[in-house]
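Student: Structure for this input, please:
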Amino acid sequence: MTVPSKLERTWSQGTTCVVLATGPSLTREDVDYVRRFHNQGVRVIAVNDAYKLAPWADVLYACDPPWWRLHRQGIHDAGVTGRQVTCCENEFPDIECLNITGNFGYDPDPRNIRTGYNSGYQAVHCAAHLGARNIVLLGFNFSKIWKPAAAARSGISSGTTRPP
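Tutor: Take a look at the predicted model:
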């Protein structure tokens, strides 16, 4: 049973948030460096498997229900204590769920999210909802390769070679 969520502005005005994605450019050294600032008030959102490097993050964000099923035990074993947020219906009552209201842009309603067709985009949306003014991206590699499997999960025709 999914728990509807509302990401109220709970962070101080002007907060800096680092969003850790899982691209090959993200290193352990980067995460260790960010942790020093986290201890001084910088907020952190881990996207998908980035929780393995930053189980102390304020928020763990992932979109896909199969990912949540696969990683439930790993999340527990890693000692993740931050909020867990998604935009997809799932069977886990402790994962907060935002409503999808489109693919691009920003929805100012803290109950809603735009997908951008990937979890990193959605995590940036969450950071803005929570009150981040400065958002730093690490591990975002902005590949130009559009993967048909991701398109199929998004409801886009499997023949699509790039996002609309």
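Student: For the rest of this, base every contact and every neighbour count on C-alpha atoms.
Tutor: Noted.
Student: buried set for stretch 16-33?
Tutor: The neighbour-count check on stretch 16-33 (16 or more other C-alpha atoms under 10 Å) flags 16-22, 26, 31 as buried.
Student: Which of the residues you listed fall in strands?
Tutor: In strands, defined here by DSSP state E, the members of those are 16-20.
Student: any idea which of those residues is closest to L70?
Tutor: L70 lies nearest to L20 out of these, by C-alpha to C-alpha, at 19.7 Å.
Student: Thought V47 was touching that closest one, still the case?
Tutor: Yes. Between L20 and V47 there is a contact at 5.9 Å, judged by C-alpha atoms under 8 Å.
Student: all helices of this structure, in order?
Tutor: Ranges of helices within the chain are 28-38, 65-78, 119-130, 148-154, based on DSSP state H.
Student: can you tell me the average pLDDT over the second one?
Tutor: If I follow you right, that is helix 65-78. What helix 65-78 shows for mean pLDDT is 94.
Student: likewise the first one?
Tutor: Averaged over helix 28-38, pLDDT sits at 96.
Student: Which residues are in contact with the closest residue to L98 other than its chain neighbours?
Tutor: The shortest distance from L98 to any non-neighbouring residue, by C-alpha to C-alpha, 6 or more residues apart in numbering, is to C87 (4.7 Å). Going by C-alpha atoms under 8 Å, 6 or more residues apart in numbering, C87 touches 63, 97-100, 113.
Student: Using CSV, lay out those residues together with distance to Q73 and neighbour count.
Tutor: Output for the contacts of C87, formatted as CSV (distance: C-alpha to C-alpha, whole Å; neighbours: other C-alpha atoms under 10 Å):
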residue, distance to Q73, neighbour count
C63, 17, 22
C97, 19, 24
L98, 23, 23
N99, 26, 19
I100, 27, 16
I113, 27, 28
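Student: Redo those residues as a markdown table? Include distance to L130.
Tutor: Below are these laid out as a markdown table (distance: C-alpha to C-alpha, whole Å):
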| residue | distance to L130 |
| --- | --- |
| C63 | 18 |
| C97 | 14 |
| L98 | 13 |
| N99 | 16 |
| I100 | 17 |
| I113 | 12 |
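Student: Brilliant, that's me finished.
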